[in-house]
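Colleague: kindly generate the corresponding structure for this input.
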Amino acid sequence: MGDCLMEGDNCWIEGEMKMEVRETCNEWLNKITNVYGLVFAKPLCPNCGVDFPSIEAVVLHLNSQSTCWPHEARPQHLPIPPAFQGSQSLTSDTAGHCHPRSGYVFGVGKNLFDRLQEDQYNYRREINAYYPFHDEGEWELARFLVDNLNQTQIDKFLKLKWFNTRSKPSFASKDQLLDWVDALPCFAEWKVSHLEFTGYKTIHPIQLIWRDGLEVVKQLFGDPVFANHITFQPHRVNVRNQREYGDYMSVDLAWKIQDHLPLGATQIPIILGSDKTPVTRTTGGLEMHPIFITIGNLDSEVRSKATLRAWRCIAYMPIAKFRMHPDYQTILQARLWHKCVDLVCANLKLAAKTGCFMSDPSRFIHYVFTPLVAHVCDLPKASMIAAISRTIDVWDLDKFQKAAKAVHLSGVHMPYWHDWKFAYPSVFLAGEILHTCLKFFADHPLNWIKEVVGKPELNARFITQHKRVGTRHFTKGITHINQMTGREHRDIQRTIVASIAGAAPPRFIRAIRALIEFIYLAQNPFHSAETLLRGKKGAKEDFFIPKLELLQSFRGTVERLGTLMQISLDEQIGEVNDFVEQAVRILNCQESMELFNLYALLRSSWHVTFCNHFLKGILSEDALTAFHLTLTPDFKSLLLADIHTIYSLIDFDKALSQYIRRCSLSTDKHTYWDYSHGRFSTWKKFRLQLHSAFQARLIMPSRVIQAFPPGDGFPLGNCDNVLVDITGDNGQITNRIAQVRLIFQPNLPRTSDLVLPSYLSCPLLYIQYYHFVASPNDRPELAMWTVERSYVEDQHGKHRCGGVAPLTSVTHAIELIPEYGEKVDEKISSAICLEICIVSVVHNGIMVC
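Modeller: Predicted coordinates:
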C-alpha cells in the first residue's frame, strides 16, 4: 500500500481505507465561522495590511522594489536545523538541503515576551519587574502560597503573629493576593463549556474545561526560551550516502506535506498527547483526563524535558456516566471524547486548511499551517481514536454497535480528525517511547521476570544494589510498584539484565536483553538505514501480544515521523481539587503565574539555569570532559596519618609515591615536596559532565561521583566506580575500571617558597582497580563485561590494588551490579554490596552513564 495525497480534499491517506464526510467543506467553514467568529478574507500583508489575491502575491509584493518591508530590516540568519549543527556524524561525509519553498519570513511581529509587555501595567514594570509585588522575594512567596495552600490556609498564614515583629507582604489578604494574580497577563485562558447529548442523559452534567489549542500553539511558537531549539524548514540529511532521520522536519512526511502547501509556508506540526491519569479529587465523583499539545518544530531533547513546559495541557476531558445500559457506555464516552477534542482543536484544523500568520521567538512572521502529525497515547486510546463506520444510522446504538464490532470498530462516527487536513490515523497514531516501550516492558517482560526469578528474590537483588546519586534506589524492591514514572521505568531497565543473571535460564536472559537493547536503540535521537535494519521474520504462533507487534512498526514510524516521540506527564498534571467553575479560576491563576514568572526572568536577562561546567570547571586534556569540585573542601588540611585513619587506606602513601616517581620521570619535573609530612585537602564527591554521545553540540547533565569515607551508614565507605585512562610506565594509555576512594589535592603552607609541579597542583584521585575476567563473548546471554577486584600482596598483607591518578583521567561513570548467583546472600546490603562481592557485571548499555 502506498502513500498519496488525494486531490480535492487534500486529506492524507495511507492504504485503501477512506472516510465518508457528510458535510461539504463550505458547510463546515460556515459552521466554524458562526460558532467561533472567524472571518475569512484574502491574504493580508502582515506589515502594511493590504489585501492580495494569494500568498504568492504577498511574496511578490514583499520582494518588489516598492516593498513595505525594507531589505536592511530583514533577518540575515535563521535558525539552523539540528542536523546541520553538529550531529553525531557531522563530517565532510555529511550533505543535506532544506525545502526551497518553506520557512519564508513575511515581516516582523511580536513574540511572547512582546505580548506580555503590552499589559496595562507594563510601565510600572519598567521600574519594578515584579509589579504588583514588591520584589522577587515577595513574588516567590505569593507563588508558593497560591500553589500550595487553599484560600483559608492563606488567610491563616497572613494573620500569624509572626508578622507582628516582621514586615508584612504587600497583599494583606487572600482576596487581594488572588486579585493581583488574576490581573497578571494571560493569553490562552481556560474556560468551561457545558455539553449535552440529545436523548442521552448523564448522571452528572458534562462539563469540559479547555482552552483554544491555536492560542497555546502561538505561545509555544513564539516563546523566546525556545529561540535556539526550533526548526522551520523540512530538510534532508545524508551521512556517508545514507539517509539520516532525526526530528520530524528531517523525514519524508514533512517534505511531502510542504510540497502541497503555498509558497513560503511554514509547518507547525501538531503533536497531541493523552493519558488516563485522573486529575480530580473530592468532586462528587467527577473525573477528568488531560490532553496535551506540543509542536514538532521544537528539538526532541527540549520536548522531552517536562521542566521546559514544551508540553502544554489544553483540556481536561470529562468521563461521563450515561443513564444507559452498560453495553453502550463505551461508545457514548468515545463519541463524547471526540466531540470535545473537535471543539478544542477547531481553530487548529482551520489553520491547517487556510493557514495564518504567526510570529516566531525571534519576532519574524511566518505563514503557518498546523497539520496533525502525531497523537501520543496508549493502545486502547489509539484504537478508540481510529475507529469509524457509517453503514447504518449512527444513533441506533444497538444496530450500529453490532455492525461496528463486526468489523473491529468502536462505533465513533465523527472522529475529531476527520476534517483535519493531512491527518490520518495510520500515520499520526504511531508507536512512541512511553506506552509502546516503557509501559510495555512493565506490563509484560517485567511480569515474566517476576514469575521466573520470584518476587522475593527479585526484590532482594534491587534492594541490595549500590546507591548512586541521580538513579533511584528501590529500597523496597520493584514488585510492589503499581504506577511508575518514565524515569523509574528506565532505572529498572538499566540494571534488570545484570540483576537476574544466575537466577534465570540463559535463553530467558537473552530474550530480555534483546528487548532492552531494542528499547534503548529506539530512543536514539538519530537513525540511519543501518540502525533501522529489520530483524529475522517469523514469530511463535502462540505469542500474540499487541504491544510486541507494535515494535515492528518502529522503522516505518521513524521514516515517516522521525525519532520516536517522548512525553513526560510526571510534572505536567496539576490537581483540580474543587468543582469546575473554581477549577477554571485555579487553572487561569497557574497559567498567569507561569507567564509572569517567564516575563520577570526574561526582564532580568535570565538564562536557562543549566550548570555548564565546561565554562568554568576543570577540563580534560581533550576538552571533552568537564569536572567540578566545590571551592571549599570537606577536609581542608589532613595529614597522611589522618587519611589512613579516616579513609582506611593502608597503601595510600605507597600509591602516591609511585605516582610522583612515574610523573617526574615522564615529565622530567622533579619536586622536593615531602608527602609524608605534607597536608592534603580532600573532597567527598565531584561532578562529571560529558557531551551527548549522539549530538556533540549538546551538553549532558552532570553526574555525581561519590567518595565518602567509612561511617555509620556505610561501614566500608560509599564510593562510586569510574572508567579511567591510566598511563603505564611505557607511556601507553589503557582503560581501566576503578573505584574512587579518595579525592584530594596537596597543600602547601602560605609561607612556603616551594612550587608544586603541574602533576601535583591539580586534583588527584586514589582509586582501587578491577580487572576483567569475562568478555561479552564469554557469556552471550548477558553480552556484558565481568570484572573482579584486583589484589596485591606486600608488607601489609593481601589487599586491594590501588593507585593515584589525576581527576582529569576519568572518562565516564560506571555502574557495577554484583553477581549474586542463584540466590542473594543474606549478609549483603546496598551499603556493602560492592565491597564484599568480588565479581561484578558491567552492562555495555549502562556502562557509559
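
Colleague: please make it C-alpha for all contacts and neighbour counts, starting now.
Modeller: Will do.

Colleague: quick one, longest helix in the protein?
Modeller: In the chain, taking DSSP state H as the definition, the longest helix is helix 580-603.

Colleague: can you list the neighbours in contact with it?
Modeller: By CA atoms under 8 Å, 6 or more residues apart in numbering, the surrounding residues in contact with helix 580-603 are 113, 116, 129-130, 143, 147, 181-182, 184-186, 189-192, 207, 209, 576-577.

Colleague: again, only using 6 Å
Modeller: 129, 184-186, 190, 576 (CA atoms under 6 Å, 6 or more residues apart in numbering).

Colleague: can you name the next helix or strand after the longest strand belonging to the chain?
Modeller: When the chain is parsed with DSSP state E, its longest strand is strand 733-747. Using DSSP states H and E, the next helix or strand after strand 733-747 towards the C-terminus is strand 764-774.

Colleague: that next one to strand 733-747, inter-axis angle?
Modeller: Here the directions of strand 764-774 and strand 733-747 differ by 160 degrees (axes from the mean of the first three to the mean of the last three CA atoms, to 10 degrees).

Colleague: extract the CA atoms of strand 764-774 and return them as CSV.
Modeller: Listed next in CSV are the C-alpha coordinates belonging to strand 764-774 (Å, rounded to 0.1, in the frame of the first residue of the first chain):
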residue,chain,number,x,y,z
LEU,A,764,44.0,13.8,42.3
LEU,A,765,42.2,10.5,42.9
TYR,A,766,43.2,7.5,44.9
ILE,A,767,41.4,4.6,43.1
GLN,A,768,41.3,0.8,43.6
TYR,A,769,41.3,-1.2,40.4
TYR,A,770,39.2,-4.0,38.9
HIS,A,771,40.3,-6.3,36.2
PHE,A,772,38.2,-8.1,33.5
VAL,A,773,37.5,-11.8,34.0
ALA,A,774,35.0,-12.3,31.2
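
Colleague: quick one: residue 831 from residue 209, how far?
Modeller: 49 Å (CA to CA, to the nearest Å).

Colleague: compare neighbour counts for those two and give me the winner.
Modeller: Between residue 831 and residue 209, residue 209 has the larger neighbour count (other CA atoms under 10 Å), namely 24 against 18.

Colleague: quick one: pLDDT of that one?
Modeller: On pLDDT, residue 209 comes in at 89.

Colleague: for beta bridges, what are the partners of it?
Modeller: Per DSSP bridges, the residues bridged to residue 209 are residue 192, residue 316.

Colleague: most centrally placed residue in the chain?
Modeller: residue 304 (2.3 Å; CA atoms, centre = their mean).

Colleague: quick check: pLDDT value at the closest residue to residue 51 other than its chain neighbours.
Modeller: Closest residue in space to residue 51, ignoring its immediate chain neighbours: residue 44 at 4.7 Å, by CA to CA, 6 or more residues apart in numbering. If you check residue 44, the pLDDT there is 79.

Colleague: please tell me how far residue 44 sits from residue 492.
Modeller: Distance, residue 44 to residue 492, using CA to CA: 55 Å.

Colleague: what's the answer for residue 264, then?
Modeller: Separation of residue 264 from residue 492 (CA to CA) stands at 47 Å.

Colleague: how about residue 628?
Modeller: Residue 628 is 28 Å from residue 492, by CA to CA.

Colleague: residue 217 now?
Modeller: Applying CA to CA, the value for residue 217 to residue 492 is 35 Å.

Colleague: contacting residues around the nearest residue to residue 290 once chain neighbours are set aside?
Modeller: In space, and not counting its chain neighbours, residue 290 is closest to residue 316: 4.3 Å by CA to CA, 6+ apart. Contacts of residue 316 were listed using CA under 6 Å, 6+ apart, and they are 209, 288-290.

Colleague: ok, now residue 549?
Modeller: Contacts of residue 549 (CA under 6 Å, 6+ apart): none.

Colleague: where does it land in three-state SS?
Modeller: The local conformation at residue 549, judged by DSSP: H, G, I helix; E, B strand; the rest coil, is helix.

Colleague: tell me where the stretch 251-400 of the chain has helices.
Modeller: According to DSSP state H, counting those that start in this stretch, the stretch 251-400 of the chain carries its helices in the segments 252-259, 300-303, 329-344, 346-354, 379-386, 397-406.

Colleague: and those, which one averages the lowest pLDDT?
Modeller: helix 397-406 (a mean of 66).

Colleague: following the chain past that one, name the next helix or strand.
Modeller: From helix 397-406, the next helix or strand downstream (DSSP H and E) is helix 425-428.

Colleague: return the set of buried residues in stretch 508-528.
Modeller: Buried residues in stretch 508-528, counting neighbours by 16 or more other CA atoms under 10 Å, are found at 509-510, 512-513, 515-516, 519-520, 522-523, 525-528.
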